[in-house]
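*Asks:* Sharing a sequence plus its predicted fold:
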Amino acid sequence: MELEAVVHPKANLVMVRGRIDHGSSMAFSELLHPHLENCKKGAPPLVLDFAGVDYVSSAGLRALMIATRFAKNQGGRLGIAEFQPLVREVFGISRFDLVIPCFDTLEAALGELA
Amino acid sequence: MQVLFWGTRGSLPVSLNAEQLRQRLLSVLEVAARLPAGQLDTAIGRAEFVDALPFALRGTYGGQSACVEIRGNGPEHLICDLGSGARGLGNAKLARFGPGTPQTYHIFMSHLHWDHLMGLPFFTPLYIPGNRLIIHGCHAELEAAVRLQMSEPGFPVDFSLVDRQVEFHPMEPGQTYDIAGFQVCAMRQMHGGESYGYRFAQEGKSFVYATDSEHKLDQEEQWAACVDFFREADLIAFDAMYSLAEMVSVKADWGHSSHMIGVELALAARARRLALFHHDPLNDDASLDRLLADSRRFEALSRHRRPPLEVLSAYDGLIVQL
């Protein structure tokens, strides 16, 4: 599982790759934390590009919910975009798409969050 | 081994009201109106039509609060919890064996909350001299809670009038007991006031009863212990009360789990079947049908190279042959 920050004029864009499951969710949280610290009031939104994410387990969803709360508490905006279809399905099954802002495309995320 | 579900609802019993039943009948008639002419002219055609309907139209999950029977190769009866489903179970036993043939009932209490104990005063074998009810459990307050429930002003028949039929057997989690031809082991679970899951094994088959249990996703030790307890079980009755989002947010620390956690734990344990159990009273039959479909889909997405897990949704009257 890897995270890579990409320069973008409208957002703090982070490309996420791999699986976020019980074995990797803690590492994901640790890697995400520096980006979350910058996700605060007045800063550009933090957008996680999930095109490279193959699978998310319950532990990964929980890590994402904690991240969303962290950002919200700082007055920041966080969203996830560009899901693989199966991962998007898991968000629907878990009802996390009601908790975390989810977007089909990066453009849609920027249109709403930026 | 057979597992019979007499009560599957969580927290308190529910039933359809008149308007809900009317709406259901209208929905069925709408489907019927689209059938080719003549299909409902025979009894077989009508039965086939009904059997092909979604469960939420042809049946109901129910119903009664938690009560599950386990049938093995011996003459004694095993029961998990005494929710309101225990009334139907008791009546069925009385109809089968009559009042003149004393029976022994082993009852395993997950915990002492109201919804898991409310059926005892309506369990008719309790009132028949000669019957033995052996109540097994891991709570120090087991006997006191049972006595309190059957006392004024909560219930008019005092427990002292029936206590000759009842024995209490304290259990320790982690120890294996030989009870009525089964190997029985308990595991402590996370729930207000604590709850205990039970694993029953006989002749190479095993059933795990694991309700009223929250699973914290950041507690690896609890997760691993649970996988171990569920290991290669033929059937797990699992507390699937909430969506995952509810379980980790607004309903965190409410002591219940999610269907997705059940799928993940059962897959990790290489169990054969998972029965979603302890249904949220907020979920109607259509919601529970969707939850089952979602759970099966999540199983398919999460399985990877592991053996397939059959996912069921328990309903009052379900019988599973292991």
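*Replies:* Received it, and whenever you're ready, just let me know what you need.

*Asks:* gap between stretch B:83-96 and the chain center?
*Replies:* 15 Å (CA atoms, centre = their mean, to the nearest Å).

*Asks:* domains in chain B, as residue ranges please.
*Replies:* Domain ranges of chain B: B:2-14+B:60-321, B:18-58, per automatic domain parsing.

*Asks:* Specify the stretch among those that is closest to chain A.
*Replies:* domain B:2-14+B:60-321 (4.0 Å; CB to the nearest CB). Heads up, the C-betas are built off the backbone N, CA and C, glycines and all.

*Asks:* Check the secondary structure at B:L312 for me.
*Replies:* strand (DSSP: H, G, I helix; E, B strand; the rest coil).

*Asks:* just the helices in chain B please.
*Replies:* Taking DSSP state H, the helices of chain B run over residues B:18-33, B:43-51, B:55-58, B:86-97, B:142-149, B:220-230, B:244-248, B:259-268, B:285-302.

*Asks:* Just put these in CSV and tack on distance to chain A.
*Replies:* CSV is the format used below for the helices of chain B (distance: least, CB to the nearest CB, whole Å):
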stretch, distance to chain A
helix B:18-33, 24
helix B:43-51, 28
helix B:55-58, 18
helix B:86-97, 33
helix B:142-149, 33
helix B:220-230, 7
helix B:244-248, 4
helix B:259-268, 5
helix B:285-302, 4
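
*Asks:* Would you mind checking which of the ones you listed scores lowest on average pLDDT?
*Replies:* Among the helices of chain B, helix B:244-248 carries the lowest mean pLDDT, at a mean of 90.

*Asks:* CA atoms only for that one - export them in PDB, please.
*Replies:* C-alpha atoms of helix B:244-248 as PDB (Å, rounded to 0.1, in the frame of the first residue of the first chain):
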ATOM      1  CA  LEU B 244     -20.500  -0.900   9.500                       C
ATOM      2  CA  ALA B 245     -20.800   2.900   9.300                       C
ATOM      3  CA  GLU B 246     -23.200   2.900  12.300                       C
ATOM      4  CA  MET B 247     -21.100   0.500  14.300                       C
ATOM      5  CA  VAL B 248     -18.000   2.600  14.200                       C
END
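
*Asks:* buried residues in it?
*Replies:* Buried residues in helix B:244-248, counting neighbours by 16 or more other CB atoms under 10 Å in any protein chain shown, are found at B:244-248.

*Asks:* surely B:L40 meets B:A33?
*Replies:* No: between B:L40 and B:A33 there is no contact, the gap being 10.3 Å when judged by CB atoms under 8 Å.

*Asks:* Who are the packing partners of the helix or strand harbouring A:K72?
*Replies:* In this structure, A:K72 sits in helix A:58-73 according to DSSP states H and E. Applying 3 or more CB pairs under 8 Å, 6 or more residues apart in numbering or on different chains; DSSP states H and E, one finds that helix A:58-73 contacts strand A:12-20, helix A:25-37, strand A:78-81, helix A:85-94, helix B:244-248, helix B:259-268.
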